[in-house]
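Chemist: from the sequence below, what's the structure:
(chains A and B)
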2 protein chains.
Amino acid sequence: MARVNENFLKLKAGYLFPEIGRRLCFFQAENPGKKVISLGIGDVTEPLPPAITEAMKRAVDDLSAEATFHGYGPERGYDFLIEAVIENDFNRRGVKLEPDEVFISDGAKCDTGNIQELFGLDNVVAVTDPVYPVYIDTNIMAGRAGKAGKNGRYDKIIYLPWKAENGFVPELPKKPVDIIYLCFPNNPTGAVANKGQLKRWVDYALTNSSVILFDAAYEAFITDPDIPHSIYEIAGANEVAIEFRSFSKSAGFTGVRCAYTVVPKQLKAYTKDDKGVEINPLWQRRHSTKFNGASYISQAGAVAVYSPEGREQTRKVIDIYMSNARLIRESLSKLGYKVYGGVNAPYIWVKTPEGINSWEFFDLLLAKANVVGTPGSGFGPAGEGYFRLSAFARPADVKEAMERMAHGI
Amino acid sequence: MARVNENFLKLKAGYLFPEIGRRLCFFQAENPGKKVISLGIGDVTEPLPPAITEAMKRAVDDLSAEATFHGYGPERGYDFLIEAVIENDFNRRGVKLEPDEVFISDGAKCDTGNIQELFGLDNVVAVTDPVYPVYIDTNIMAGRAGKAGKNGRYDKIIYLPWKAENGFVPELPKKPVDIIYLCFPNNPTGAVANKGQLKRWVDYALTNSSVILFDAAYEAFITDPDIPHSIYEIAGANEVAIEFRSFSKSAGFTGVRCAYTVVPKQLKAYTKDDKGVEINPLWQRRHSTKFNGASYISQAGAVAVYSPEGREQTRKVIDIYMSNARLIRESLSKLGYKVYGGVNAPYIWVKTPEGINSWEFFDLLLAKANVVGTPGSGFGPAGEGYFRLSAFARPADVKEAMERMAHGI
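Modeler: So this is what the prediction gives:
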């Protein structure tokens, strides 16, 4: 008799975005003529620039001719892309990596979801609150989370709340933890960590032989020169941190699918007998057993991001989103809202007005300004009383949304 | 202290293809002038036909314009592809499926590797011997395989040997098993199962509340009208079988990445209290948590496979490979080899001459004919004394390889 993985039954229903969809649907049925502007989704809206689409078309041409056809690529990705990644994203910032420390994939969501397989089920996992739900859900599926409490938290997971009061940088855990998920620039709060703050985490992991799973999917949005782009800018991080990067937000690849993960060879986890085991060859084995490489076309598009034209064109796209972020931040500040993020990240984290919770604010904003955002409580209990607005939208829509909000909600 | 998943340490080294590479490298260093022909790899060699590449270029154009840009697609795949899959691959064969029973992905290897996550760790898993190694390795990683014995087998896995003597259709297990991996048309043996043989398996699973994981990645190579293309052609299979399909071999997508998996809503696995749980919503949850959809470009290419031009052009490519298979089969039969497969599958499974084992035959074939194949023992102990030749090669190369073998090895 086939037995189900009962850990799946411990998952809470995917509440947030379906509920947003339900409320939006209801509103539109009641108000058929009204144009709703969405600042709720973390998906890019600008088309791909020509340097990338031309490279992808050339890749399609390669596949159409006998002499240039590409079948299975290396599971770890093509050298042409790995070399460009190392040179542009790391060497230029003083970080050295070997080619076999970089693994090209089809998405950072996949990688951040799959990485936990390399670790035993008895590890204590820490996440921030609020948090990107994938980190928790994939640990629930594997059986590391324990039971859900009434507060929405799982009893084996350590939650590190971050609030305005601690500058949106989470405190170190009070008890030792084994695996720590960090995301900077952060989704959903838009917070970043400076070198000193990251160093505290790296030192903590070195002291406790912990592993940091560092999600840097929004790295391209950093504007402040003092903010590190990679955790490997911190000494010792290559012994304790795995870093996830993506072309989704930096180059508009959400529909194209290409990302990469860095697993340094120095990084180890331990057997029950405290014997250190290198994680890099295990990820290599996982990658080559359960994955067959990212699309050749996607990889050809990704490498074009690093060409001089590709850099210039993707930078212009990022500037559009960051000017949206600035407009949202400045408009809402003028209106008296407390706003966080949006300087080095495409998300703006807004404190809801006194006495109004996250979902109440969602309903108000939709009813009065016909604008959709994301309730902060959907990212975890400590997100209650906050609201996420996304800069991934057309500039004219952002402008109109801000004008509507200026008329009062 | 971060603990490693010690199940990974139970994996045997990826022996087969690295060892082939090592021996080939050595041979080429010793014999620099000689042209080696590879019939060893299961990767396509023909370029993509124009109906597909033109569709992919149009998809790239979509991504380059504001009005037609596509960001994140549905994790389960675009409706345009799901509808084409259901109509062409199932309805035409009398099988009905709902759209939410089909999950588009980036590869059948990924799906056959990931599917085991939905099932508890205490399930007894059965595989054929020889077998596609992914089925076993992913269960080792999860902790269902137990320990490796000297014979290369894991003590908790049930192995179902198939040999010439039982017509290359494995016997039903003697003890009840919970999860059964079947692959027809088979890699590596090239065997197929007729309706009666598949019905025995479906009935077995219905009786034992087992789940069949049915890998039909080579379905497009079936030529015999009596051989079922889908396990759902067997009554009751929708209660017990998950089916995996791929565009890799049928349409040359090994470098493009697109596949799909069918999880019928009737299929259940059971809790420890014997309560039935539908698997379809769990796969939906896994898919939307750990995956972000196949590339829009790949899906646009895949749907073009079903257009009238796409069908005709991909059929011509398959005919090339099947005419390679026929040539290999007929040539080796004439030379006195016992050959199996190659009629409804792109693989030819050759009995090695009396007294010569799989690796000895590999060495002989390389030395005398400068042809590379795959030792059968690499797919499992029951593959010893067999050798796999692949029809995925250029026709001129296959012809030359057969002429060389005719000169004797």
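Chemist: can you give me the helices in chain A?
Modeler: Secondary structure of chain A (DSSP state H): helices at A:16-30, A:50-63, A:79-85, A:108-114, A:133-142, A:195-208, A:280-290, A:296-304, A:308-334, A:358-369, A:395-406.
Chemist: buried residues of the second one, list them for me.
Modeler: To tie it back to what came earlier, the one meant is helix A:50-63. A:Ala51, A:Ile52, A:Thr53, A:Glu54, A:Ala55, A:Met56, A:Lys57, A:Ala59, A:Val60, A:Asp62, A:Leu63 (16 or more other Cβ atoms under 10 Å in any protein chain shown). Yep, even glycine has a C-beta here, placed from its N, CA and C like the rest.
Chemist: list, out of those, those positioned next to chain B.
Modeler: The residues of the buried residues of helix A:50-63 that also fall near chain B, by Cβ under 8 Å from any Cβ of the partner chain, are A:Thr53, A:Met56, A:Lys57, A:Val60, A:Leu63.
Chemist: report pLDDT for the closest residue to the first one other than its chain neighbours.
Modeler: When you say that, I think you mean A:Thr53. Leaving aside its chain neighbours, A:Thr53 sits nearest to B:Ser64 (4.2 Å; criterion: Cβ to Cβ, 6 or more residues apart in numbering or on different chains). Looking at B:Ser64, its pLDDT reads 98.
Chemist: surely B:Ser64 meets A:Ala51?
Modeler: No: assessed by Cβ atoms under 8 Å, B:Ser64 is found out of contact with A:Ala51, at 10.6 Å.
Chemist: what's the residue nearest to A:Phe362 when sequence neighbours are not counted in contact with, if anything?
Modeler: Residue nearest to A:Phe362 in three dimensions, not counting chain neighbours: A:Pro375, with 4.9 Å by Cβ to Cβ, 6+ apart. A:Pro375 makes contacts with A:Leu16, A:Ile20, A:Ser358, A:Trp359, A:Phe361, A:Phe362, A:Gly383, A:Phe387, A:Arg388, as judged by Cβ atoms under 8 Å, 6 or more residues apart in numbering or on different chains.
Chemist: closest to chain B out of the residues you listed?
Modeler: Closest approach to chain B among the contacts of A:Pro375 (Cβ to the nearest Cβ): A:Leu16, at 12.2 Å.
Chemist: test my guess that that closest one contacts A:Gly380.
Modeler: No: using Cβ under 8 Å, A:Leu16 is not in contact with A:Gly380, being 10.5 Å away.
Chemist: those two: which has the busier surroundings?
Modeler: A:Gly380 (23 against 15; other Cβ atoms under 10 Å in any protein chain shown).
Chemist: ok, that one to A:Tyr15 distance?
Modeler: A:Gly380 sits 12 Å away from A:Tyr15 when distances are taken as Cβ to Cβ, to the nearest Å.
Chemist: can you check A:Ala142 too?
Modeler: Computed as Cβ to Cβ, the A:Ala142 to A:Tyr15 distance reads 21 Å.
Chemist: ok, which stretches of the stretch 51-200 of chain A are strands?
Modeler: In the stretch 51-200 of chain A, the strands defined using DSSP state E, counting those that start in this stretch lie at A:102-105, A:125-129, A:158-161, A:179-183.
Chemist: which one, of these, ends up nearest to chain B?
Modeler: strand A:179-183 (5.8 Å).
Chemist: now the closest one: mean pLDDT?
Modeler: Here the average pLDDT along strand A:179-183 is 98.
Chemist: CA-only coordinates of it in CSV, if you can.
Modeler: Output in CSV follows, covering the C-alpha atoms of strand A:179-183 (Å, rounded to 0.1, in the frame of the first residue of the first chain):
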residue,chain,number,x,y,z
ILE,A,179,20.7,26.2,9.0
ILE,A,180,19.8,29.9,8.5
TYR,A,181,17.9,31.4,5.5
LEU,A,182,18.8,35.0,4.8
CYS,A,183,17.6,37.1,1.9
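Chemist: buried residues, it. List them.
Modeler: For strand A:179-183, by 16+ other Cβ under 10 Å, it's A:Ile179, A:Ile180, A:Tyr181, A:Leu182, A:Cys183.
Chemist: go on, stretch A:72-87?
Modeler: By 16+ other Cβ under 10 Å, the buried positions in stretch A:72-87 come out as A:Tyr72, A:Gly73, A:Glu75, A:Arg76, A:Gly77, A:Tyr78, A:Leu81, A:Ile82, A:Ala84, A:Val85, A:Ile86.
Chemist: kindly report the same for stretch A:340-355.
Modeler: Using 16+ other Cβ under 10 Å as the burial criterion, the residues of stretch A:340-355 that qualify are A:340-352.
Chemist: show me where pLDDT drops low in chain A?
Modeler: Within chain A, not a single segment meets pLDDT under 70.
Chemist: which residue lies nearest the spatial centre of it?
Modeler: Nearest residue to the geometric centre of chain A (Cα atoms, centre = their mean): A:Ala217, 4.7 Å.
Chemist: chain neighbours aside, what residue packs nearest to that residue?
Modeler: Of all residues not flanking A:Ala217 in the chain, A:Ser246 sits nearest, at 4.3 Å (Cβ to Cβ, 6+ apart).
Chemist: and for A:Asn123?
Modeler: A:Asp178 (3.9 Å).
Chemist: make sure the one you found is actually in contact with A:Val125.
Modeler: Yes: contact criterion Cβ under 8 Å: A:Asp178 and A:Val125 qualify, at 7.2 Å.
Chemist: and the residue nearest to A:Leu48 when sequence neighbours are not counted, what does it touch?
Modeler: Distance criterion Cβ to Cβ, 6+ apart; nearest residue to A:Leu48, sequence neighbours excluded, is B:Leu63 at 4.7 Å. B:Leu63 makes contact with A:Pro47, A:Leu48, A:Thr53, A:Gly255, A:Val256, B:Phe69, B:His70, B:Tyr296, B:Ile297, according to Cβ under 8 Å, 6+ apart.
Chemist: pretty sure the third one contacts B:Asp62?
Modeler: If I follow you right, that is A:Thr53. No: in this structure A:Thr53 lies outside contact range of B:Asp62 using Cβ under 8 Å: 9.7 Å.
Chemist: walk me through the domains of chain A.
Modeler: A:6-47+A:310-406, A:53-308 (automatic domain parsing).
Chemist: any idea how far apart the tips of the longest one sit?
Modeler: The first and final residues of domain A:53-308 sit 15 Å from each other (Cα to Cα, to the nearest Å).
Chemist: stretch A:227-240 too?
Modeler: Start to finish, the residues bounding stretch A:227-240 are 20 Å apart (Cα to Cα).
Chemist: equivalent analysis for stretch A:203-217, please.
Modeler: Using Cα to Cα, one end of stretch A:203-217 lies 23 Å from the other.
Chemist: equivalent analysis for stretch A:346-354, please.
Modeler: End-to-end distance of stretch A:346-354 (Cα to Cα): 25 Å.
Chemist: next up, the contacts around A:Arg58.
Modeler: Contact partners of A:Arg58, counting by Cβ under 8 Å, 6+ apart, are A:Ala300.
Chemist: next one: A:Gly190
Modeler: With contact set as Cβ under 8 Å, 6+ apart, A:Gly190 has these partners: A:Tyr340, A:Gly341, A:Gly342, A:Val343, A:Asn344, A:Ala345, A:Pro346, A:Tyr347, A:Ile348, A:Trp349.
Chemist: which parts of the stretch 51-200 of chain A sit against chain B?
Modeler: Contact residues, the stretch 51-200 of chain A versus chain B (Cβ under 8 Å from any Cβ): A:53, A:56-57, A:60-61, A:63-66, A:69-73, A:106-107, A:109-110, A:113-114, A:117-123, A:134, A:137-138, A:141, A:176, A:178-179.
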